[in-house]
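1. I would like the atomic coordinates for the input below:
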Amino acid sequence: MPVMDRQMKMKLQAELAYVKERLDQIRQNRDEQGINREEMEMLEKRKRDIMNQLF
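-> Here you go, the predicted structure:
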């Protein structure tokens, strides 16, 4: 596994924070807006990918 520099790690952490926030927004608004399954699945997959890269 390649060595991750500080800048790349910070970028991944910021993207992870965004993904988590977006998932929370979708969950909170699902009663009003419904659920976009494709977006949720894409975000969940990206979250797993980022977590694998960070840890």
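2. Distance of residue 39 relative to residue 23?
-> Distance, residue 39 to residue 23, using CB to CB, to the nearest Å: 9 Å. (Each C-beta comes from the backbone N, C-alpha and C, glycine too.)
3. do the same with residue 34
-> 15 Å.
4. Tell me where the protein has helices.
-> 6-33, 37-54 (DSSP state H).
5. Save those as TSV, and put in mean neighbour count and mean pLDDT too.
-> Putting these into TSV (neighbours: other CB atoms under 10 Å; pLDDT from 0 to 100) gives the following:
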stretch	mean neighbour count	mean pLDDT
helix 6-33	12	92
helix 37-54	13	95
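6. So which residue is dead centre in this protein?
-> Nearest to the geometric centre of the chain sits residue 19, at 2.9 Å (CA atoms, centre = their mean).
7. which residues touch that one?
-> 43, 46, 47, 50 (CB atoms under 8 Å, 6 or more residues apart in numbering).
8. make it 10 Å
-> 42, 43, 44, 45, 46, 47, 48, 49, 50, 51 (CB atoms under 10 Å, 6 or more residues apart in numbering).
9. Next: residue 18.
-> With CB under 10 Å, 6+ apart, residue 18 has these contacts: 43, 46.
10. hang on, the earlier thing: now the residue nearest to the centre of the chain: how far from residue 40?
-> 11 Å.
11. That concludes my questions; thank you for your assistance.
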